[in-house]
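Colleague: How does the following fold in three dimensions:
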Amino acid sequence: MGRESTMKPDYRILAYITREKERVLTSNCLTLFADSEESCKEMTVDIAKAMKADVVQLTNGDYMILRV
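Modeller: As a prediction, the model looks like this:
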C-alpha cells in the first residue's frame, strides 16, 4: 500500500558533506569533511548512489544526502 496523503514524509539525513571543519559535528549521520569543491561533489554523488538516496545542496555550499 502506498503512502497516505495525510501522512507526513519521514525524511532521514544519511550523510552531511562540508568544506568547513567547524561544521563537522557529531551526530547520528555520516559527517564528512572535503578539502576541495571537486572532492566534495564526487563524494556526495558516490555516497548518494551507493545509498540510493537524494542529494540537497544547501545555500552555504554543503550537501545533505536524504532518504524519504
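Colleague: strands paired with the least confident helix or strand in the chain by mean pLDDT, and their directions?
Modeller: Lowest on mean pLDDT, DSSP states H and E among the helices and strands of the chain sits strand 30-33, with a mean of 89. Sheet partners assigned to strand 30-33 using DSSP bridges are listed as strand 12-18 (parallel).
Colleague: Please enumerate the strands of this protein.
Modeller: Secondary structure of the chain (DSSP state E): strands at 12-18, 30-33, 54-57, 63-67.
Colleague: Adding distance to residue 39 and mean neighbour count, write those strands out as a markdown table.
Modeller: Bear in mind the C-beta positions are built from the backbone N, C-alpha and C, glycine included. Formatted as a markdown table, those follow (distance: least, C-beta to C-beta, whole Å; neighbours: other C-beta atoms under 10 Å):
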| stretch | distance to residue 39 | mean neighbour count |
| --- | --- | --- |
| strand 12-18 | 9 | 18 |
| strand 30-33 | 10 | 15 |
| strand 54-57 | 15 | 14 |
| strand 63-67 | 12 | 19 |
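Colleague: rewinding a little: who's in contact with the least confident helix or strand of the chain?
Modeller: Under the criterion C-beta atoms under 8 Å, 6 or more residues apart in numbering, residues 14-19, 21, 24-25, 43, 47 lie in contact with strand 30-33.
Colleague: Which two of those have the greatest separation?
Modeller: Using C-beta to C-beta, the contacts of strand 30-33 reach their maximum pairwise distance at 14 and 21, which is 20.9 Å.
Colleague: could you dump the strands of the chain to TSV with distance to residue 6?
Modeller: Formatted as TSV, the strands of the chain follow (distance: least, C-beta to C-beta, whole Å):
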stretch	distance to residue 6
strand 12-18	20
strand 30-33	32
strand 54-57	23
strand 63-67	21
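Colleague: Tell me who's in contact with residue 51.
Modeller: With contact set as C-beta under 8 Å, 6+ apart, residue 51 has these partners: 14-15, 65, 67.
Colleague: now with 10 Å?
Modeller: 14-15, 30, 65-67 (C-beta atoms under 10 Å, 6 or more residues apart in numbering).
Colleague: Redo those residues as CSV? Include distance to residue 56.
Modeller: Formatted as CSV, the contacts of residue 51 follow (distance: C-beta to C-beta, whole Å):
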residue, distance to residue 56
14, 11
15, 11
30, 15
65, 8
66, 6
67, 11
